[in-house]
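Chemist: from the sequence below, what's the structure:
(one chain, ligands or ions: 3)
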Amino acid sequence: MKLTTAQALVKFLNQQYIEVDGQENKLFKGIFTIFGHGNVLGIGQALEEESGDLEVYQGRNEQGMAHAAAAFAKQKLHQQLIACTSSVGPGSANMVTAAATATANNIPLLLIPGDTFATRQPDPVLQQIEQAHDPTISTNDAFKPVSKYWDRITRPEQIMTALINAMRVLTRQAETGAVTLAIPQDVQTEAYDYPDYFFKKRVHRFHKRKPDDYELNQVVSLIKEKQRPLIICGGGVRYSEAGNVLASFCETYNIPFGETQAGKSAVVSDHPLNLGGIGVTGNFAANRIANQADLIIGIGTRFTDFTTSSKQLFQHKDVDFVSINNSDYHASKLDAHKLVADAKIALEQLNQQLLQHDYHTSYKDEITHIKKEWQEEVRRLYNVNNQSSDFTPEIEGHLDEQLEEYQKVLQASLTQTQAIGVINQHITDDSIIVGSSGSLPGDLQRMWINRRPNTYHLEYGYSCMGYEISGSLGVKLASPQQEVYAMVGDGSYLMLHSELITSIQEGQKINVLLFDNAGFGCINNLQMDHGMGSFGTEFRKRDQQTRQLTGDILPISYAESAAAYGVTTYTATTPEELIAAIEDAKKQSVSTLIDIKVLPKTMTHGYDAWWNVGIAEVAKNSAIQQSAKARKEKLASARKY
Ligand SMILES: Cc1ncc(C[n+]2csc(CCOP(=O)(O)OP(=O)(O)O)c2C)c(N)n1
Ligand SMILES: O=C1C[C@@H](O)[C@H](O)[C@@H](O)C1=O
Ligand SMILES: [Mg+2]
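Modeler: Ligands and ions are numbered 1, 2, ... in the order given. The predicted structure follows:
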C-alpha cells in the first residue's frame, strides 16, 4: 500500500482498539493539532485526506492541548486516548512540559512533533536550533528525559516499529507516560510501500499482573502480626477500578485508609473507614492514625514526599511497609514488602488468604472519633467568615496588616475555605472537579467531600500550573454528561488558560472557578513560614521609589476578560453571589467562569505534617536561621530513604 509516512501513521492509529471487560473500543478518539510548517503538509495533509474515525481538534497552545489529551486519558482510566501533533521548534518545545506532566503521573500520551529535515538540504530550516557539535540534535531531544518512549523517524519504514513500540508503552499501565515520535517534515511526506499486515486491526488489553505466591504469602504473614495497619489509597486503585474491592476489604478487617491526590474519590468520602487526605496536604485524622500505624500498606501509590510527609509521617517504632503496585519500581520504595500486581487482583487474593486466618485489627472506636473530629473541623473551615468580629485568617502573622487593603481592592468578603464549602454544597454530586497547583490542591485534598466515585481529578504528580483549564477540557471530552469545574488560582489562570477558547469552539462546556487572591498565595505562605518576608509573590505594582514590587495591588477583572471570549462570566465577592453564580452557571450551555475574590491567607494550613524544603543555611535574617535549624531537627526523625 503506497502511502506517505504520515498517511501510514493516521491509518495505523485508526486500527488500534482496546478491550476492557469484554468490550472493544477504538483506542484513539482523536488528535489535537496545531499546524505549522513542521507538520501541516505531512500529518495535516494525511488528516485532511483521510482522518478515519479520528476527531481532529484545533488546540490553542501546544502545552494546553497536550494537557487536555492527558487529562482525557486520566479520566478515561487510560482506556481511550487523544494524540497530539505540533509543528517543529517552538511548537514542539511547548509540549515538553505537558509530556513531563503525563510521565510524572503515569498517564499515556502520544505526542507527534514535527522535526527538522532528515535530508538536511535546507539547513538551517526556520526554527532549527543548530548545535555545531552535533547536527542530529533538535528541539525534540528535549523530550527524551520526559518520555517513556522516544523515537525519531528518519526513514518512512521506521514508523512501523516505532508505532508498535509506542502502543506497547501506551497500553502498559505500569510503565506508561509520554510517548514521543518526532517526524522530520520531509519524512512525513515521503512515500513507501507499506505491507497490508501493518494495518491489520490490533486489539490491545491491559496486562493485569497477578501476585506472585511468595510475595503474597509474605504480605499475609506480615499483616497477621500487625494490630494497627493503615492503607494508603493511591491512583493505582482508581486505574485498576478497585474502589469497591478496597472498601469491602477494609470493612472485613476494620482497616482504615487515607487518600493520595490521585487516589481520592476511588471510594466516597463518607465511607466510615475513609480518613481522607494523607500527608503534607492531608488532614489530622489520616495523619495521626498514620503516625501510630504499625503497618503502612500503600496501594497504587508512588509514595511521594507529599504522601509520606517527606518520610517523616510514620513514627511507630515497629512500623513496616507493604507496597502493592503494578510497577516493580514503585513497589520497591521505603524498603517495603512488595506485592507487584494489579491492585484489584492483589486485594482479592489477599482477601482470600486472610479470610482463612480470622484476622482483625485492634482499632476500636478511634477511627469513628477522629473522623468525626475532622468533619467538625471541615464544618468550621467551611464557615470561616471574614465579616465576623472574631475573624482571624487561617494563616496568621504573615500579612495581617495588609488584609484590609486586600479586602478593599478585591472587594473580598469571602474566605477561600468558605468558598470551597459553598461550591461543595452547591454543585451536583456527579460533577467532576479538576485541579493541579497552588493552594487549592491542599484545601481540596483535605476538605473536598466526594459523594460519587471518580469525581476528583487532581494532577499532583507534577503540580503543573496551567493544567486546570486545559485538563478540564480533556475531562469534559471524556465525560460529556457531567459538569466539569476547573479549580484554579489567579496565578495559574494567568499562566495558561488558552484551551478555554477551545472549549467554546468545541461546544464542550467547562466551568472555571477562579480563586483570585492577587498572588502566588501558596508560595507566599511557604516563604513566610520559613522566615522570609513577602518577596516576589504578591501581585503588586513596582514601587517607583523603592524599585521593589511593593506598590499597589493589581486589580484584575477576570470576569470581564473571559467575557470577551464568549464565556458566560460572574464575579463573586460574597457567599450569596457565589451561590447565585453557581446556580446560574448550571443553566448555561457555554463555558462559564466565576471570578471569586478571596482574601489571602484564608486557605487551610498544615495538619500534623511536615514538608522537607531546602532552607538557607546562611542568612542575615535570624528567622531563616531558626527555620534552618528546626528543619535539621525534624529531619532527624524522618526515615533516611
Ligand atoms: C508551571 C509551574 N510553574 C511554577 C510552579 C510553582 N508554583 C506552584 S504554586 C505557584 C503559585 C500559584 O498561584 P495561584 O495559581 O494564584 O494559586 P494560589 O497559591 O494563590 O492559590 C507557583 C508559582 C508550578 N507549580 N508550575
Ligand atoms: O511549589 C509548589 C508548592 C505547592 O504548595 C503547590 O501546590 C505546587 O503547585 C507547587 O508547585
Ligand atoms: Mg493566587
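Chemist: so which bits of whichever strand or helix holds Met160 are buried?
Modeler: Using DSSP states H and E, Met160 falls within helix 158-170. Judged by neighbour count using 16 or more other CB atoms under 10 Å, the buried positions of helix 158-170 are 158-160, 162-163, 166-167, 169-170. Any C-beta I mention is one placed from the backbone N, CA and C, and that applies to glycine too.
Chemist: do the same with stretch 149-160
Modeler: 149-153, 156-160.
Chemist: could you export it as CSV, CA atoms only?
Modeler: Extracted as CSV, the C-alpha positions of stretch 149-160 are listed here (Å, rounded to 0.1, in the frame of the first residue of the first chain):
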residue,chain,number,x,y,z
TYR,A,149,9.5,6.1,24.8
TRP,A,150,11.2,8.4,22.3
ASP,A,151,11.9,7.9,18.7
ARG,A,152,12.9,10.0,15.6
ILE,A,153,11.6,8.6,12.3
THR,A,154,14.3,9.4,9.7
ARG,A,155,13.0,6.8,7.2
PRO,A,156,9.4,6.0,6.3
GLU,A,157,9.7,2.3,7.1
GLN,A,158,10.9,3.2,10.7
ILE,A,159,7.3,4.3,11.6
MET,A,160,6.3,0.6,11.7
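Chemist: can you list the neighbours in contact with that stretch?
Modeler: Residues outside stretch 149-160 that contact it (CB atoms under 8 Å, 6 or more residues apart in numbering): 4-5, 8-9, 12, 115, 118, 140, 143-144, 162, 165-166, 168-169, 179-184, 187, 190-192, 194, 198.
Chemist: what mean pLDDT does it get?
Modeler: Averaged across stretch 149-160, pLDDT comes to 98.
Chemist: swap in stretch 171-184?
Modeler: For stretch 171-184, mean pLDDT is 97.
Chemist: low-confidence ranges, the stretch 451-600 of the chain, go.
Modeler: Along the stretch 451-600 of the chain, the model assigns pLDDT under 70 to no residue.
Chemist: show me what from it comes close to ligand 3.
Modeler: Contact residues, the stretch 451-600 of the chain versus ligand 3 (CB under 5 Å from the ion): 489-491, 517, 521.
Chemist: can you name every helix or strand that the helix or strand harbouring Gly64 contacts?
Modeler: Per DSSP H and E, Gly64 falls inside helix 62-75. Contacts defined by 3 or more CB pairs under 8 Å, 6 or more residues apart in numbering; DSSP states H and E place helix 62-75 against strand 28-33, strand 81-86, helix 90-104, strand 109-115, strand 456-458, helix 467-478, helix 499-506.
Chemist: could you measure from the closest residue to Glu459 other than its chain neighbours over to ligand 2?
Modeler: Computed as CB to CB, 6 or more residues apart in numbering, the closest residue to Glu459 that is not its neighbour in sequence is Ser436, at 4.0 Å. Per CB to the nearest ligand atom, to the nearest Å, Ser436 is found 7 Å from ligand 2.
Chemist: thought Ser436 was touching Ile469?
Modeler: No. In this structure, Ser436 is not within contact of Ile469 by CB atoms under 8 Å, at 10.0 Å.
Chemist: show me what the helix or strand hosting Lys372 is in contact with.
Modeler: Assigned by DSSP H and E, Lys372 belongs to helix 366-382. Residues from elsewhere that reach helix 366-382, judged by CB under 8 Å, 6+ apart: 254, 256, 272-276, 283-285, 288-289, 394, 417-418, 420-422, 424-425, 446-447, 449, 604.
Chemist: which parts of that helix are buried?
Modeler: Quick answer for helix 366-382 (16+ other CB under 10 Å): 367, 370-371, 374-375, 377-378, 381-382.
Chemist: dump the C-alpha coordinates for it into CSV.
Modeler: C-alpha atoms of helix 366-382 as CSV (Å, rounded to 0.1, in the frame of the first residue of the first chain):
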residue,chain,number,x,y,z
GLU,A,366,-10.9,5.7,67.5
ILE,A,367,-11.5,5.7,63.7
THR,A,368,-15.0,6.9,64.1
HIS,A,369,-14.0,9.5,66.7
ILE,A,370,-11.1,11.0,64.8
LYS,A,371,-13.1,11.1,61.6
LYS,A,372,-15.9,12.9,63.4
GLU,A,373,-13.4,15.4,64.8
TRP,A,374,-12.1,16.1,61.4
GLN,A,375,-15.6,16.5,60.0
GLU,A,376,-16.2,19.1,62.6
GLU,A,377,-13.1,20.9,61.6
VAL,A,378,-14.2,20.9,58.0
ARG,A,379,-17.5,22.4,59.1
ARG,A,380,-15.6,25.1,60.9
LEU,A,381,-13.4,25.8,57.8
TYR,A,382,-16.5,25.9,55.6
